[in-house]
Structure formats: structure tokens, C-alpha cells
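Visitor: Coordinates for the following, if possible.
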Amino acid sequence: MERVRVFVRSTFQSLQIRNYRLFATGQLISLIFGWVQITAQDWLVLELSHGSASALGVVTALQFAPMLLFTLYAGKLADRFDKRYLLIVANLLWFVLAALMGALVVSGAVLLWQVYVFAALWGVVTAVETPVRQSFVSELVGKPLLPNAMSLNAATFNTARILGPALAGLTIAALGTGTAFVVNAASYVFPVVALARLRAGELHRENRQVSAAEARVVDGLRYVWRRHDLLLPVVLILVVGMVGFNYQLTLPVLAKNVFHTGAATFGLLVTALAAGALMGALAGTRRRARPSAWLVLGAAIGYGALGTLAGFMPTYGLTALVMVPTGFAQIFLAQAANQRVQLGTDAEMRGRVMALYILAFLGTNPIGAPLVGWFAEVFGPRASIWAGGAISLAAALAALLWQLRRSQTRIRLRLRPTPGIYLWQGEAHGVPTPAGLPGR
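Guide: From the prediction side, this is the model:
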């Protein structure tokens, strides 16, 4: 019993801090209903476009297109201004947008182009809010607890992704699509109140406030380019995020057009993916050190293999089953890469570097989503899923070869005395080092 208490205390250590506890609670509530809205929006687009995967690809692209335009500038804002006030403004803007869209859908006058406009405006706020929120976590808990807090953030996100789509299906079936937007608008009251109640004196503001002349976007780009330990996870996430992390697009099309599910059950595939992702997030909560490049690469290879397998599943049940380990690998990879970047970045550069990471992670959607939507419409959603997994796997293997060559490391498979994959660095051939130990 004592071991269980120690495990729970260690896993949820960041929640012992009042500021982080308030922040996480507000985020959880708004994220649950945010996923209700996301699911309702996807269903609304499919209804208005008569099941068009291309239309869903367009709305996804419009929602993420502002990432290309505003994310790097948002990183500059995060390094210059009070992140808490920026987050309050972002949540208030989301409240207004969701309320207006909800009123439009409830009235029955909504058209497809209006959903496109809403998605684009929503994306503008998201492009600014995401890097600010990512870099704000270190102010809530400090650097020693940052890996734990980041993993709990991912756990919060994926808990919402489990509950949200399932709740959305019931809401749409019982109350209609417009209700999902209205309820989500109301949910933004909680993070605004939580942010307002934070104790400013307890924030860990280790980074000095930089001036407009110092907070240049190009400096963040140069910083990452010169740091190969940061460049590898950023480039890897860029490729995988573009072609592999498109389940928001492919799973609704697969559920509606291939498995012919109704509104009450079509979100279950997303829930299965999120259940695995939640386990992947919790797996990283006990991490205290910066993840190694080998851990990031191993996670990327595992994700690519599972993503490829998921595309070949012939039934709804088998697809949902494979989505669980796929979700685990997806979030484990994203968190390992995120932690490697953030824990390796100097405090005064964190906002701009995290903006670049978010741009690689989410900003490629305007390019990837229309291509994936077109591919799903021409070749089918299953082909789109396995192709994305295969390209992700190829990118991970290419990154592995690059890292091996740059670090002069060799891989050996040994069966004795302890079976496993081992690494030799440089020309030394002494005692093997197990793969996955921290290191650059």
C-alpha cells in the first residue's frame, strides 16, 4: 500500500503546487468541452459536405494555417510579455467565437463556408495561445518538476480527448450539433477564473524580460539550427506531424464512410486513440531528466510501425484495438521530443524555441491535411492511415542513421548476458551502454 501511495505522489507531484493545480483544473474542463466542439465540428462538416473527406481536410487546414503565420511571432510575445495575461485574453476570444458559432448552428442557418471562417479565426487564437501556454508551464512549477508537469499536461489533454468525443456523440444525438458549441463557450469561464486566481509571487519567473530588440524571431531559428540536439527532434516531429498525426481527419472519415457508424459511436475511435495516449502521457510523469535522443528515436520508430499496422485493420473493433497502442506511441513520442527540446533550451529563448517546435508539430497541418484528405478520398481512409505511418517510420529510421553517424555510435543486438539492444559510442568497444540512457 505504501508503494502505491509513493507511486501516486510521484506521478502527480506537480499537482501539489497550488498554481499548477488551478491551471490544470481549468484546462481539463475547457479541454473536455473543446473536444466536444472539435468532434461536433467534424460531424457538421461531413453533414454539410455530404461526407466529403476533402472538405474535412480543408477545414482542418484552415484551423491550422494560422500556425504558419503567427506561431513564431507568438513565441516572441511569450518572451516579452506576461504569459498569464496573454492566456486570459486568448480564452476570452475563444469564448466569443464559440458562442457566435453556436448561435449560428442552433439557428439552422449555418453554411459550410461559415464553418471554414470559424475554423480559421479559431486557428489564429490557437497559434498565439499554444506556444505561450507551453512555455508558461515552467513558470508554474520550475525546471525540476517540468518533465512531470508536461506529462501531466499531456495526460490532461488526453483525458479530455477520451471524455470529449464520447460526450459529443451523446450531445449531438440528443441535443444537436449547435449545443456542443454553446456548451464549449461556457467552459472557457473556468480557465479564465483559474488564471486570474494564480499567485503571481509563487510563479517561477527565472527568465528575465527581454526587450523588443532582443526578442527577435530569427534568433530562435539560429539557436535551434546551431543546436543539433534540438534540431533532430524538431525536424522529426515536423515530418511525422505532417503525415502521421492526422487522425482528427482520417478517423471520422473512416468511421462514417467505411464503418458507417452513427453520431453516438463515431467518436469511439478517437476515444480509443486517446486512451492509449493517456497511458503514454502517464508513462512520462516519473521522468526527471532530459530524455535522450535514443528514446525519442525509439518512440518514433514504434509509432511509425503501429501507425502503418493501424491502416490495415479490416474491422471497426480491430481498428479501435490497435488505436490504443498507437495513441500510446504517439503521445510518448510527442512528449519525449517536447521535453528534450524544452529542457535543453535556455530560459530567455524558451518562448521562441517552443514556438518553433509548435510550428513543426502543428503548423504543418495546412500542408498535410489537404493532402491527407485528398489521399483518403481517392485511395480510401485506410490507405491514408497506413501511408502516413509508413512515411513516419521511414523518417524515424533516417533520423536514426543520421544520429548514429553524427555521434559515431554503433548498435549491437546481444543475447547474453542480458538480451537487448546496446550502443557503442565512438571507437570504444568496452562495456556496452543500454540504449535509451540519457545523453546528447
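Visitor: So residue 410: helix, strand or coil?
Guide: Of the three states, residue 410 takes strand according to DSSP: H, G, I helix; E, B strand; the rest coil.
Visitor: That one and residue 302, how far apart?
Guide: 21 Å (C-beta to C-beta, to the nearest Å). No exception for glycine: its C-beta is placed from N, CA and C like everyone else's.
Visitor: So these two - more neighbours on which side?
Guide: Higher neighbour count among residue 410 and residue 302: residue 302, with 19 against 15, using other C-beta atoms under 10 Å.
Visitor: Excluding chain neighbours, what is closest to the more buried one?
Guide: In space, and not counting its chain neighbours, residue 302 is closest to residue 329: 4.6 Å by C-beta to C-beta, 6 or more residues apart in numbering.
Visitor: Looks like that neighbour contacts residue 303 (just checking).
Guide: Yes: counting by C-beta atoms under 8 Å, residue 303 is a contact partner of residue 329 at 3.8 Å.
Visitor: of the two, who's got more company?
Guide: Neighbour tally, residue 329 and residue 303, criterion other C-beta under 10 Å: the higher count belongs to residue 303, 28 against 23.
Visitor: where does residue 260 fall, helix, sheet strand or coil?
Guide: Recorded secondary structure, residue 260: coil (three-state DSSP).
Visitor: For it, what are phi and psi?
Guide: phi 50, psi 50 (degrees, to the nearest 10).
Visitor: Can you report how many residues lie near it?
Guide: Other residues near residue 260 come to 9 when the count uses other C-beta under 10 Å.
Visitor: Now the nearest residue to residue 196 once chain neighbours are set aside: which helix or strand?
Guide: Closest residue to residue 196 apart from its sequence neighbours, by C-beta to C-beta, 6+ apart: residue 88 at 6.8 Å. According to DSSP states H and E, residue 88 maps onto helix 83-107.
Visitor: helices or strands up against that helix?
Guide: helix 18-48, helix 112-141, helix 177-187, helix 189-196 (3 or more C-beta pairs under 8 Å, 6 or more residues apart in numbering; DSSP states H and E).
Visitor: repeat that for 10 Å
Guide: Identification of packing neighbours for helix 83-107 by 3 or more C-beta pairs under 10 Å, 6 or more residues apart in numbering; DSSP states H and E yields helix 18-48, helix 53-80, helix 112-141, helix 177-187, helix 189-196.
Visitor: Make a markdown table out of the ones you listed and add mean neighbour count, distance to residue 92 and mean pLDDT.
Guide: Formatted as a markdown table, the helices and strands packed on helix 83-107 follow (neighbours: other C-beta atoms under 10 Å; distance: least, C-beta to C-beta, whole Å; pLDDT from 0 to 100):
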| stretch | mean neighbour count | distance to residue 92 | mean pLDDT |
| --- | --- | --- | --- |
| helix 18-48 | 22 | 12 | 87 |
| helix 53-80 | 23 | 16 | 78 |
| helix 112-141 | 21 | 10 | 87 |
| helix 177-187 | 22 | 11 | 87 |
| helix 189-196 | 19 | 6 | 93 |
